[in-house]
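Novice: Sequence unavailable; structure follows:
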């Protein structure tokens, strides 16, 4: 195999070597055992994920209460453990073993995973249909009055009797009345309320939240929301109006601090939410490197304990739930039509509009509506680069250091006081790991040619080895929507992910998923039944002809979409530069890449 690969990758002596291409070529030639396998919670089955998260929660609780975990310190807080975790509380001996394995492994989540691969087959005590009979019978118990549980148990016995009658080859013994009582006692108060009054009444009772939510520390509760800013921005080169950008913000309830945001032309979606949360988790050291005139550092960052959102469909994405689950971040949604349950971020948006946007040309708020001579689209003078600069100045040197109207709180002061009283939550995320966490989860077929995603092919020697071991089969892989240069494929032998680069890396490393889908759409429109490389090149040229025409157009909706494509180009190229370690981040942020051409000549429509 190695000789064959050497022949395939052989470069003539008269060809100049490209160091960057050589590094990528070396990555392609790694075997499955030598590739970098990245730990991730999504690599495990859902039931195993639940076990890992529970054990980690127990360890974190005990570390917080004990400081240093030992048999003696655990025994002292045994009652607190039972109070915290109820019937699921493990013994102190078990917790000690979990903690030792976790520490000895270097705090790897794999150390907390149950060893199920070596275990034999285990059968459920009851068939699935019997378990459904038990659940249905429990729902008949409206209260714990005398006879209610016995009546439901009699109903269960009758169901199982009929099941045995229809299936004489399998005789199922119904659970005893005591076992049935034990199952009833494990019902949560919410489940009992649902049995008694119905789903709507129960949820109304248990979802009642005070309008003022008390918090004790920073990052205990963080609110997230979007808004379309009341200001028009322009293109930095053509000076044409692009439209109004979106902002996704995360505000800390306890300190009133802005802990993260995404600002751009991508509307509310998983992509905008993921970008904002990643900005929240990572340090804001970039601020004073890029904006030297900002006096105060942006000190707010870290892992929220709970993120609260409204009922936007972007917050229902399964990929978002998996990402937050992997980071051990709780997520909650407020009931419909209850903005008063997110008062901090609503107030922040109000301050943003009144203190910053109202002063800026291109502002659209009601104060200017009555002026017939004022057109916000025509009066706009700020481009995205200038507005981001202004926004960071406002956050760092005004919003975070200014007291509220009642003179009771300064965000930066409250943040520092909270960190002094409570240990700061550790933030040492590897950017590559964080990108992996927020990838889209996909499942596809691994073939001899690798994995195909949206007509892009990903393969290397490691995927070829997987194909050799298991043949053509379905694999789980992850796609970063902001960078298509590589994907992460699950190595099920190790329960970890490894990176696989795209065969057409030069193209894929310069586009986001949104851009790629846009190119596919234009390409599809350019063909009937068969497309050659020349057809693709012609379609690509028409994309940029449309872009040039859009720049001359007065339609804001068209230029706003183009602004998002330009923004995506910068984002994808920034990630490509960071992965290859060859371009400074500040250089890309200050460069307009909206007109850079992308070579699609290697595309093939299958």
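Specialist: Thanks, I have it. Every value quoted in this text rests on a predicted model; they were computed, and no experiment measured them.

Novice: Assign a three-state SS to residue 300, would you?
Specialist: coil (DSSP: H, G, I helix; E, B strand; the rest coil).

Novice: Thought residue 254 was touching it, still the case?
Specialist: No - using Cβ atoms under 8 Å, residue 300 makes no contact with residue 254, being 11.3 Å away. Quick note: C-beta positions are derived from backbone N, CA and C, even for glycine.

Novice: list the residues that contact both of those two?
Specialist: residue 218 (Cβ atoms under 8 Å, 6 or more residues apart in numbering).

Novice: Buried residues in the longest helix along the chain, which are they?
Specialist: Secondary structure of the chain read by DSSP state H shows that its longest helix is helix 556-580. Of the residues in helix 556-580, 556, 558-579 count as buried by neighbour count, 16 or more other Cβ atoms under 10 Å.

Novice: same check, this time on stretch 89-109
Specialist: For stretch 89-109, using 16+ other Cβ under 10 Å, the buried residues are 89, 92, 95, 96, 98, 99, 102, 109.

Novice: neighbouring contacts of that stretch?
Specialist: Contact with stretch 89-109 is made by 39, 41, 52, 55-56, 58-59, 62-63, 69-71, 74-75, 78, 81-82, 111-112, as judged by Cβ under 8 Å, 6+ apart.

Novice: Please produce a ChimeraX select command covering the buried subset of those residues.
Specialist: To isolate the buried members of these in ChimeraX, using 16+ other Cβ under 10 Å:
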select :41,52,55,56,58,59,62,69,74,81,111,112
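
Novice: Show me where the stretch 101-250 of the chain has its strands.
Specialist: In the stretch 101-250 of the chain, the strands defined using DSSP state E, counting those that start in this stretch lie at 222-228, 233-234, 241-243, 246-252.

Novice: Which neighbouring elements make contact with the shortest one?
Specialist: For strand 233-234, the helices and strands in contact under the criterion 3 or more Cβ pairs under 8 Å, 6 or more residues apart in numbering; DSSP states H and E are strand 241-243.

Novice: now for the strand it packs on, which elements pack on it?
Specialist: Short answer (3+ Cβ pairs under 8 Å, 6+ apart): strand 241-243 packs on strand 233-234, helix 556-580.

Novice: For it, list every residue counted as buried.
Specialist: The neighbour-count check on strand 241-243 (16+ other Cβ under 10 Å) flags 241, 242, 243 as buried.

Novice: JSON lines for the helices and strands packed on strand 241-243, including distance to residue 174 and mean pLDDT?
Specialist: Shown next, in JSON lines, are the helices and strands packed on strand 241-243 (distance: least, Cβ to Cβ, whole Å; pLDDT from 0 to 100):
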{"stretch": "strand 233-234", "distance to residue 174": "68", "mean pLDDT": "86"}
{"stretch": "helix 556-580", "distance to residue 174": "59", "mean pLDDT": "73"}
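
Novice: now these as TSV including distance to residue 225?
Specialist: TSV is the format used below for the helices and strands packed on strand 241-243 (distance: least, Cβ to Cβ, whole Å):
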stretch	distance to residue 225
strand 233-234	21
helix 556-580	20
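
Novice: quick one, which of the ones you listed is nearest to residue 178?
Specialist: helix 556-580 (59.6 Å; Cβ to Cβ).

Novice: Show me what that closest one is packed up against.
Specialist: By 3+ Cβ pairs under 8 Å, 6+ apart, helix 556-580 packs against strand 241-243, helix 431-437, strand 483-491, helix 513-525, helix 533-552, helix 585-589.

Novice: Nearest to residue 322 among the buried residues of strand 241-243?
Specialist: The closest of these, once distances to residue 322 are taken by Cβ to Cβ, is residue 243, at 32.4 Å.

Novice: which residue packs closest to the closest one, ignoring adjacent ones?
Specialist: Nearest residue to residue 243, sequence neighbours excluded (Cβ to Cβ, 6 or more residues apart in numbering): residue 560, at 3.2 Å.

Novice: Quick check: the one you found touching residue 265?
Specialist: Yes - at 5.9 Å, residue 560 counts as touching residue 265 under the criterion of Cβ under 8 Å.

Novice: overlap in contacts of the two?
Specialist: 242, 243.

Novice: Distance to residue 508, pLDDT and secondary structure for the buried residues of stretch 89-109 - can I get that in CSV?
Specialist: Putting the buried residues of stretch 89-109 into CSV (distance: Cβ to Cβ, whole Å; pLDDT from 0 to 100; DSSP: H, G, I helix; E, B strand; the rest coil) gives the following:
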residue, distance to residue 508, pLDDT, secondary structure
89, 49, 86, coil
92, 52, 88, helix
95, 46, 89, helix
96, 48, 90, helix
98, 41, 90, helix
99, 43, 89, helix
102, 37, 88, helix
109, 30, 83, helix
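
Novice: What is the neighbour count of the closest residue to residue 479 other than its chain neighbours?
Specialist: Excluding the flanking residues, the one nearest residue 479 by Cβ to Cβ, 6+ apart is residue 440, at 4.7 Å. Neighbour count for residue 440, taken as other Cβ atoms under 10 Å: 20.

Novice: any idea how far residue 469 is from residue 450?
Specialist: 15 Å (Cβ to Cβ, to the nearest Å).

Novice: Which one's more surrounded, those two?
Specialist: Shown here are residue 469 and residue 450; by other Cβ under 10 Å, residue 450 has more neighbours (22 against 11).

Novice: Regarding the nearest residue to residue 439 once chain neighbours are set aside, which helix or strand does it belong to?
Specialist: On the basis of Cβ to Cβ, 6+ apart, the spatially nearest residue to residue 439 that is not a chain neighbour turns out to be residue 478, at 3.4 Å. Take DSSP states H and E as the rule and residue 478 turns out to sit in strand 473-480.
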